[in-house]
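*Asks:* Curious how this folds, go ahead:
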Amino acid sequence: MEHESVRGYFGIGVWRFSKPMNAGNLFRTAHAFGASFVFTIDATYRVRKAKSDTSAAPRNIPWYEYDSPADFQLPNDCKLVGVELTDDAIDLPRFHHPKAAAYVLGPERGSIEGELLEKCDHIVRIPTKFCINVATAGAIVMYDRVMTHGQFGVRPLTNATTPGELPQHRHGGPVRRHQGK
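*Replies:* Down below sits the predicted model:
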């Protein structure tokens, strides 16, 4: 199956997290995976308290802080993807990541619910027997996004096969924003 490289962006954030170390690890991992932004909803985050964020992600990529789900805003056409163990969630390996997405993870000692759950365009779950911590869940989701957006070509079917060459990048023609110019 041929993959097509997809342009786009993603952000990732947490709602009501309880462990600053896990949030720090999540934001550091987001920075490493090339997230365009990170965010918190109804949470307090300080880089100094989250000693695990050695990249100081909120100082290096945009960080948005929202007091409540009602205040939470995303860019136009950016889809909100909740990561939660619900009965109707899509298993992550079967999910097609939107071109522009923001992933939100709930607290370690709770679930995404109410107004925030209703705001989600999609709910995905990592097919595990029980909940895993926020940092680990976020890393799995970001890795899945990178892999499924085709930046690395097709994976060999066996370990006896050498991965093929990556396709050459094709540059498009000029983009004309105004007609007649």
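*Asks:* Can you show me the helices along this structure?
*Replies:* Under the criterion DSSP state H, helices of the chain are mapped to 20-32, 57-60, 114-119, 134-148.
*Asks:* So for residue 66, which of those helices sits nearest?
*Replies:* Checking those against residue 66 by Cβ to Cβ gives helix 114-119 as the closest, at 10.0 Å. C-beta coordinates here come from the backbone N, C-alpha and C atoms, glycine included.
*Asks:* tell me which residues in that closest one are buried?
*Replies:* Buried positions in helix 114-119, judged by neighbour count with 16 or more other Cβ atoms under 10 Å: 116, 117, 119.
*Asks:* and what of stretch 136-154?
*Replies:* Judged by neighbour count using 16+ other Cβ under 10 Å, the buried positions of stretch 136-154 are 136, 137, 138, 139, 140, 141, 142, 144, 145, 149, 150.
*Asks:* For the first one, give its distance to residue 128.
*Replies:* The one in question is residue 136. Distance, residue 136 to residue 128, by Cβ to Cβ, to the nearest Å: 10 Å.
*Asks:* where's the nearest residue to residue 106 once chain neighbours are set aside relative to residue 69, distance?
*Replies:* Of all residues not flanking residue 106 in the chain, residue 112 sits nearest, at 4.0 Å (Cβ to Cβ, 6 or more residues apart in numbering). According to Cβ to Cβ, residue 112 and residue 69 sit 9 Å apart.
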